[in-house]
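S.K.: I'd like to go over a predicted model; first the sequence, then the structure.
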Amino acid sequence: MSTPNLSNTSKSYLFQLSIPIFFSNIAIPFVGLVDTGLMGHLNSERYLAAISIATSVISLVFWSFGFLRMGTVGLVSQSLGRNNYNEIALIILRNLSIAFIIGFLILLLKNPILFFVEFFFKVSEETQQLINQYVSIRIYSAPAELTIYVLAGLFLGLQKTNVSSLLISIFCFGNAILSTILVTVYDLEILGAALGTVISAYTSVIIFLIYTYLTLKDKISIRLNRSKIFNTKKLLTLFNINFDIFIRTIFLSFSFLWVTYQGSKLGENFLALNTILMQLVMMAAFFLDAYAFSTEAVVGYTIGKRSKKSFLEVVKNAFQLSFLTAIIISTLYFIFFETIISQLTDLEYLRYISLSYIVWILIIPPIASFCYQFDGIFIGASQTADMRNGTIVSVILFILSSEFLISIYGNHGLWLSLLFFMIMRSISLNYYFKNILRRF
């Protein structure tokens with residue numbers, strides 16, 4: 001395994017690192033698009049409404065533990081900058097242990113999660129039954145999906161983006177293929193979508209745990225034991241970083257759940273519409289996150305080497321590449337919008353209504369590109385407390401603004417408040433950026 005060159009902070013190197021992440025990040029929303037398309041071609045909008053709520057709730061639960069990836073990237077990349085592979089191995093073992101424990105705790109909380117869904121969302125009895133079916137199956141993928149977070153974070157931190165991308169791609173495309181077969185061939189409907197995810201998650205984890213062991217075993221020169229893995233000081237540092245990211249991710253995930261909740265209040269037609277449109281927003285977000293993921297690794301490496309010049313170059317290049325790519329994405333959406341929508345649903349009234357919302361799909365990617373890159377910078381620097389604080393402020397303002405704007409503009413007000421949310425995330429993180437500079 002080669003060690004990265006510090007001089008590699010140019011646009012071309014960031015783009016090179018990001019290429020495999022592009023493909024794996026496309027795979028993530030691609031699964032959502034497949035599930036949405038599968039449900040959108042069934043005989044009722046209830047399936048779209050159910051998959052929207054169920055996947056939003058599961059995402060809230062799972063993404064709340066996104067620190068298992070983000071915290072891993074920052075610590076691994078900084079250890080790589082110090083060429084300390086022993087510490088990298090210990091970081092991974094600690095986070096894998098945490099992932100397994102949290103995963104099994106989530107399984108134990110299945111009934112409270114189902115109660116939360118029924119209490120929070122007011123939908124028809126038929127839709128609620130579909131939601132319960134999906135969640136009751138999908139939740140069993142928790143230990144595997146959280147393990148995937150850790151493994152992806154490891155290889156991102158090592159700047160082996162091709163490996164992390166392969167992991168995500170196998171999981172996501174396996175999920176899409178299995179779900180399609182189970183829904184269309186075996187007529188399992190929403191159960192098939194959930195079961196496809198579970199099978200794909202565990203298959204991917206088994207393959208890449210074996211690969212990770214074979215990759216790192218020759219780099220480690222220490223005897224691993226319980227006292228080294230569960231070192232109190234290291235665990236406390238890990239807890240502080242992870243807790244900040246945990247709080248930040250809960251608020252961030254809740255903001256997207258809030259979009260689903262407000263859509264359900266407006267009616268199942270708007271909920272189904274927003275489900276389709278949010279898939280396009282998430283597609284752009286995951287694509288632009290490729291630069292953020294690359295930035296995490298390189299930023300952590302420059303901080304480990306204490307090179308302010310290289311750090312600032314990475315930051316500048318990440319913003320420029322992300323914004324330019326967002327413009328390209330919005331242009332493609334403008335050209336192919338009707339074609340994309342027609343592939344996602346057969347319901348004519350949803351196709352027609354969606355045309356009046358194209359403006360939000362075009363504006364959000366370029367504006368949001370800045371906050372996505374700020375996230376990568378703060379994660380790579382392990383400056384998680386500032387990222388947490390910026391997110392909390394942005395989400396609170398988003399919720400307040402959405403209540404006001406929806407009362408005036410209806411569903412368009414919800415989308416306007418989502419745009420405002422993206423702007424506030426960038427402004428708040430820009431305010432805290434000076435704290436990273438003080439570390440050099």
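M.R.: Everything's here; your move.

S.K.: helices or strands up against the helix or strand harbouring Lys265?
M.R.: In the assignment (DSSP states H and E), Lys265 maps to helix 232-266. Helices and strands touching helix 232-266, as assessed by 3 or more C-beta pairs under 8 Å, 6 or more residues apart in numbering; DSSP states H and E, comprise helix 45-63, helix 67-81, helix 85-108, helix 268-305, helix 384-409, helix 411-437. Any C-beta I mention is one placed from the backbone N, CA and C, and that applies to glycine too.

S.K.: mean neighbour count, those helices: which tops it?
M.R.: helix 67-81 (a mean of 27; mean count of other C-beta atoms under 10 Å).

S.K.: output the contacting helices and strands for that helix.
M.R.: Packed next to helix 67-81, using 3+ C-beta pairs under 8 Å, 6+ apart, are helix 85-108, helix 142-157, helix 232-266, helix 268-305, helix 358-380, helix 384-409.

S.K.: for the helix holding Lys265, buried residues please.
M.R.: For helix 232-266, burial by neighbour count (16 or more other C-beta atoms under 10 Å) applies to 234, 238, 241-242, 244-264, 266.

S.K.: again with stretch 153-172
M.R.: So, applying 16+ other C-beta under 10 Å, buried residues of stretch 153-172: 153-161, 163-172.

S.K.: the helix holding Lys265 - what's its average pLDDT?
M.R.: Helix 232-266 shows an average pLDDT of 81 in the prediction.

S.K.: now the angle between helix 384-409 and that helix, please.
M.R.: 0 degrees (axes from the mean of the first three to the mean of the last three C-alpha atoms, to 10 degrees).

S.K.: now do helix 232-266: distance to the chain's middle.
M.R.: Distance of helix 232-266 from its chain centroid, counting by C-alpha atoms, centre = their mean, to the nearest Å, is 11 Å.

S.K.: any idea of the angle it forms with helix 268-305?
M.R.: Counting by the same axes, to 10 degrees, helix 232-266 points 160 degrees away from the direction of helix 268-305.

S.K.: and stretch 361-381, average pLDDT?
M.R.: Confidence over stretch 361-381 (mean pLDDT, whole number) is 93.

S.K.: using CSV, list the CA coordinates for that stretch.
M.R.: The C-alpha trace of stretch 361-381 is given here as CSV (Å, rounded to 0.1, in the frame of the first residue of the first chain):
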residue,chain,number,x,y,z
ILE,A,361,-34.3,20.8,-8.7
LEU,A,362,-32.2,23.2,-10.8
ILE,A,363,-31.3,25.7,-8.1
ILE,A,364,-30.5,23.5,-5.1
PRO,A,365,-27.4,21.5,-6.4
PRO,A,366,-25.2,24.6,-7.1
ILE,A,367,-26.2,26.3,-3.9
ALA,A,368,-25.8,23.2,-1.8
SER,A,369,-22.4,22.3,-3.3
PHE,A,370,-20.7,24.7,-0.8
CYS,A,371,-22.2,23.1,2.3
TYR,A,372,-21.3,19.6,1.1
GLN,A,373,-17.7,20.6,0.7
PHE,A,374,-17.6,22.3,4.1
ASP,A,375,-18.8,19.1,5.7
GLY,A,376,-15.8,17.2,4.1
ILE,A,377,-13.3,19.9,5.3
PHE,A,378,-14.6,19.8,8.9
ILE,A,379,-14.8,15.9,9.0
GLY,A,380,-11.2,15.6,7.7
ALA,A,381,-10.0,18.1,10.3
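
S.K.: just the buried positions in it, please.
M.R.: By 16+ other C-beta under 10 Å, the buried positions in stretch 361-381 come out as 361-362, 364-381.

S.K.: the inter-axis angle of the helix or strand hosting Ser204 versus helix 142-157?
M.R.: Taking DSSP H and E as the criterion, Ser204 maps to helix 189-216. Interaxial angle, helix 189-216 versus helix 142-157 (the same axes, to 10 degrees): 40 degrees.

S.K.: re earlier: Val315 is nearest to which of the helices and strands packed on helix 67-81?
M.R.: Closest approach to Val315 among these (C-beta to C-beta): helix 358-380, 5.9 Å.

S.K.: in JSON lines: the helices and strands packed on helix 232-266, plus distance to Leu195.
M.R.: Output for the helices and strands packed on helix 232-266, formatted as JSON lines (distance: least, C-beta to C-beta, whole Å):
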{"stretch": "helix 45-63", "distance to Leu195": "13"}
{"stretch": "helix 67-81", "distance to Leu195": "24"}
{"stretch": "helix 85-108", "distance to Leu195": "16"}
{"stretch": "helix 268-305", "distance to Leu195": "20"}
{"stretch": "helix 384-409", "distance to Leu195": "33"}
{"stretch": "helix 411-437", "distance to Leu195": "32"}
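
S.K.: nearest to Gln129, of these?
M.R.: Among those, helix 45-63 sits nearest to Gln129 (C-beta to C-beta), with 8.3 Å.

S.K.: return the distance of the closest one from the chain's centre.
M.R.: Counting by C-alpha atoms, centre = their mean, helix 45-63 comes out at 15 Å from the chain centroid.

S.K.: same question for stretch 377-385.
M.R.: Stretch 377-385 sits 16 Å away from the centroid of its parent chain (C-alpha atoms, centre = their mean).

S.K.: remind me which residues of this structure are low pLDDT?
M.R.: The chain contains residues with pLDDT under 70 at 1-10, 22-33, 36, 43, 222-231.

S.K.: what's the helix holding Ser204 packed up against?
M.R.: Using 3+ C-beta pairs under 8 Å, 6+ apart, helix 189-216 sits against helix 11-40, helix 45-63, helix 85-108, helix 125-138, helix 142-157, helix 161-184.
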